[in-house]
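*Asks:* only geometry, no sequence info:
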């Protein structure tokens, strides 16, 4: 009887259903040193409408010694992009495949890269301070921290006297996003556009003085004194729970309804307006004034002092002579 020990180092081939049992035994044989070659056939099963859509999972051979210093491995065996990698860190690292070649000496500082699939060549030395790339897929020139310009069909990234000025531009339909920063988060201006709908969203932060944004739906918000908002621009928890603590001025407007509100010093002064109504308050509500279709109302130290009803004009000729 043949055992798995007898098959170690040999190559075996068999047709497997692809179910749990066959996948498990394939993995088990591989882990015990058996080279397994599987066979896939189109037998017109109803769940395989297109045979070309069946994914080919590549095999691999790996050898490690004194990991992570030495490694020799081949991955993607049986696929169109079989890759061979060898490294003896920090002396060198080599990668070869139909899509990409890379040679690194004095890892990770000095490298030469040939990206055939992405269509560019890149020289790095010493990385990440000096990088030069040329080709259809990428153009980059970096001499850190003096300046950097890196462009690709979808990305653009520039900086001058890093981190004094930095600019990023992403264009991947339907998203077009531009961001300009000065001194990291000291100043940030982000503009995001939807190229399909034409809508846009913009956010400007000037730490710690203010943050201002306009959403895709046209709603706007301005806040004076913003301590954490520039660092956590997507945190609704900070905006909801902490912004009211340190903001000295807030102004919001709903583009669809036209409603707006302004608040100074934690509602020391507050103004709200909507279609046909206005409301003012001072001293945290001690003085209040409200005007709407039902009339005008006023409170002084929370006590109503005036109640005016809306007047209705009499139709002509309704009075007696």
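*Replies:* Perfect, thanks for sending it. In this text, all values refer to a predicted model and were calculated from it rather than measured experimentally.

*Asks:* all contacts plus neighbour counts: C-alpha atoms, from now on.
*Replies:* Noted.

*Asks:* For the top helix by length along the chain, give me every contacting residue.
*Replies:* Among all segments of the chain classified by DSSP state H, the helix with the greatest residue count is helix 20-31. The set of residues external to helix 20-31 that reach it, using CA atoms under 8 Å, 6 or more residues apart in numbering, is 4, 16, 35-36.

*Asks:* got a winner among the residues you listed for most neighbours?
*Replies:* Using other CA atoms under 10 Å as the neighbour test, these are led by residue 35, with 20 neighbours.

*Asks:* Check the nearest residue to that residue once chain neighbours are set aside and give its pLDDT.
*Replies:* Once flanking residues are discounted, residue 35 sits nearest to residue 11: 4.5 Å by CA to CA, 6 or more residues apart in numbering. With respect to pLDDT, residue 11 has a value of 85.

*Asks:* since we're on residue 11, how many residues are nearby?
*Replies:* The burial count for residue 11: 11, using other CA under 10 Å.

*Asks:* any idea how far it lies from residue 36?
*Replies:* 6 Å (CA to CA, to the nearest Å).

*Asks:* Residue 128 too?
*Replies:* Relative to residue 36, and taking CA to CA, residue 128 is found at 41 Å.

*Asks:* Residue 124 now?
*Replies:* 39 Å.

*Asks:* contacting residues for residue 247?
*Replies:* So residue 247 contacts 223-226, 265-266 (CA under 8 Å, 6+ apart).

*Asks:* so which of these comes closest to residue 63?
*Replies:* Distance to residue 63, by CA to CA, is smallest for residue 226 among the contacts of residue 247, at 53.8 Å.

*Asks:* from what I can see residue 296 touches residue 289, true?
*Replies:* Yes. Taking contacts as CA atoms under 8 Å, residue 296 lies within contact range of residue 289: 7.5 Å.

*Asks:* Contacts for stretch 183-191, please.
*Replies:* Contact with stretch 183-191 is made by 163-165, 177-182, 200-208, 230-231, as judged by CA under 8 Å, 6+ apart.

*Asks:* and what of stretch 149-167?
*Replies:* 136-142, 144-148, 168-172, 178-184.

*Asks:* Among the residues you listed, which are located in strands?
*Replies:* 139-142, 147-148, 168-172, 178-182 (DSSP state E).

*Asks:* Partner strands of whichever strand or helix holds residue 74, with direction?
*Replies:* Using DSSP states H and E, residue 74 maps to strand 70-77. Pairing partners of strand 70-77, with direction, according to DSSP bridges: strand 59-65 (antiparallel), strand 83-88 (antiparallel).

*Asks:* Please enumerate the strands of the stretch 201-321 of the chain.
*Replies:* 210-214, 220-224, 249-253, 260-264, 269-274, 277-282, 287-292, 295-300, 303-309 (DSSP state E, counting those that start in this stretch).

*Asks:* Can you report how many residues neighbour residue 260?
*Replies:* Neighbours of residue 260 (other CA under 10 Å): 19.

*Asks:* State the distance from it to residue 242.
*Replies:* Applying CA to CA, the value for residue 260 to residue 242 is 21 Å.

*Asks:* for residue 255, same thing?
*Replies:* On the measure of CA to CA, residue 255 and residue 242 end up 25 Å apart.

*Asks:* Ok, residue 210 next?
*Replies:* For residue 210, the distance to residue 242 equals 15 Å [CA to CA].

*Asks:* if you count what's nearby, which of those two comes out ahead?
*Replies:* Neighbour count, other CA under 10 Å: between residue 210 and residue 242, residue 210 has more, with 21 against 15.
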